[in-house]
Every structure is written in structure tokens, then in C-alpha cells.
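A.B. asks: Show me how the following folds:
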Amino acid sequence: MICDFTVPTPELKRKTDQLLGKSYSFFERWKIGGIGSHRLLVKEFSEGFKPFIRTKSESIFAVIELRPKGIVVHVSNRHHRISWFLPYYQLSIYQSEGFTLHGNGQFIRFELDSNYTKNKPFFQKMMHFREQQYFSSEVPIG
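C.D. replies: Residues are numbered from 1 along each chain as shown. Alright, predicted model coming up:
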């Protein structure tokens with residue numbers, strides 16, 4: 001699900017909590033070692049993002065947030081925040097000319113730059129959470 005999350009409504013928050021689980025508490029975030037990535041430079045994105053991302057002339061950055069049942073990719077475009085809610089069971093990850101997240105017929109490709117190198121431990125954590133989702137009903141913390 002891709003939507004404009006600049007001003008989230010209570011109904012939209014409820015839908016995202018049902019889809020991906022509630023955001024981790026402060027203590028859970030600390031125990032996990034953080035739930036957010038460093039910013040990533042967006043290289044390319046699928047057609048589903050085009051109604052929300054208005055210009056291609058400037059750099060577009062994104063961050064990834066971990067949730068118990070999936071991830072949220074927050075894309076900043078000028079004064080708008082576009083969010084892509086992606087459950088772990090729909091998530092596919094590829095690395096070729098860039099680091100790419102695929103899911104539900106959409107994709108977003110990130111540049112392989114110094115920020116990608118900083119995010120490697122985060123990506124390993126994300127893959128661990130994804131694997132744990134397949135083998136148990138809840139993601140272990142720690």
C-alpha cells in the first residue's frame with residue numbers, strides 16, 4: 001500500500017497497525033538496536049509511486065522502518081512524505097545495479113553509495129526479522 005503520509009489520519013494509522021503491527025515502543029527499539037535505516041538515495045521507482053512523487057529533477061531520499069510484521073519505506077519528496085507499507089510475506093530483495101525492494105507489484109531501487117554501506121547491518125537485521133516471520137508468529141527482539 002502506497003499513500004501520502006504527510007498528515008496521517010487515525011483511520012490510516014489503524015490500517016497500517018493492522019497490516020504491519022504497532023510500532024515498537026522505546027524500550028523495544030533500544031533492545032533491538034534501532035528500527036530505522038540511514039537515509040538512502042532513491043535511484044528508480046515503479047509506476048505506483050509516480051502519482052505521489054511529483055518531480056524527478058532533485059534527489060529523492062528514503063528511510064526504512066521495521067515493524068513486527070513488515071517494513072515501512074518513507075520517501076521524502078519536497079514537503080510530502082510518501083509511505084509504502086510492505087508486509088514481510090510480500091517483500092523480495094534484489095541486489096544488482098542497485099539495492100531493490102519489490103513487493104505487491106511495486107519496486108524501489110536505491111543507489112549503491114556510501115549510505116548503502118552504512119546500512120548493511122540494518123539490511124541484515126531486516127532479513128533476520130523477515131526470516132523469523134516465516135518460522136514463528138512473532139518476531140523475537142534482540
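A.B. asks: what about stretch 8-15, average pLDDT?
C.D. replies: Stretch 8-15 shows a mean pLDDT of 84.
A.B. asks: Repeat that for stretch 42-57.
C.D. replies: 78.
A.B. asks: Now it: buried residues?
C.D. replies: Residues of stretch 42-57 classed as buried: 42-43, 45, 49, 52-53 (neighbour count, 16 or more other Cβ atoms under 10 Å). Glycine gets a C-beta too; all of them are placed from N, C-alpha and C.
A.B. asks: lowest average confidence, helix or strand, in the chain?
C.D. replies: Lowest mean confidence among the helices and strands of the chain (mean pLDDT, DSSP states H and E): strand 2-4, at a mean of 79.
A.B. asks: Parallel or antiparallel, which strands does that one pair with?
C.D. replies: strand 80-87 (antiparallel) (DSSP bridges).
A.B. asks: mind giving me JSON lines with the buried residues of stretch 42-57 and columns for secondary structure and distance to M126?
C.D. replies: Formatted as JSON lines, the buried residues of stretch 42-57 follow (DSSP: H, G, I helix; E, B strand; the rest coil; distance: Cβ to Cβ, whole Å):
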{"residue": "V42", "secondary structure": "strand", "distance to M126": "17"}
{"residue": "K43", "secondary structure": "strand", "distance to M126": "19"}
{"residue": "F45", "secondary structure": "strand", "distance to M126": "19"}
{"residue": "F49", "secondary structure": "helix", "distance to M126": "20"}
{"residue": "F52", "secondary structure": "coil", "distance to M126": "23"}
{"residue": "I53", "secondary structure": "coil", "distance to M126": "23"}
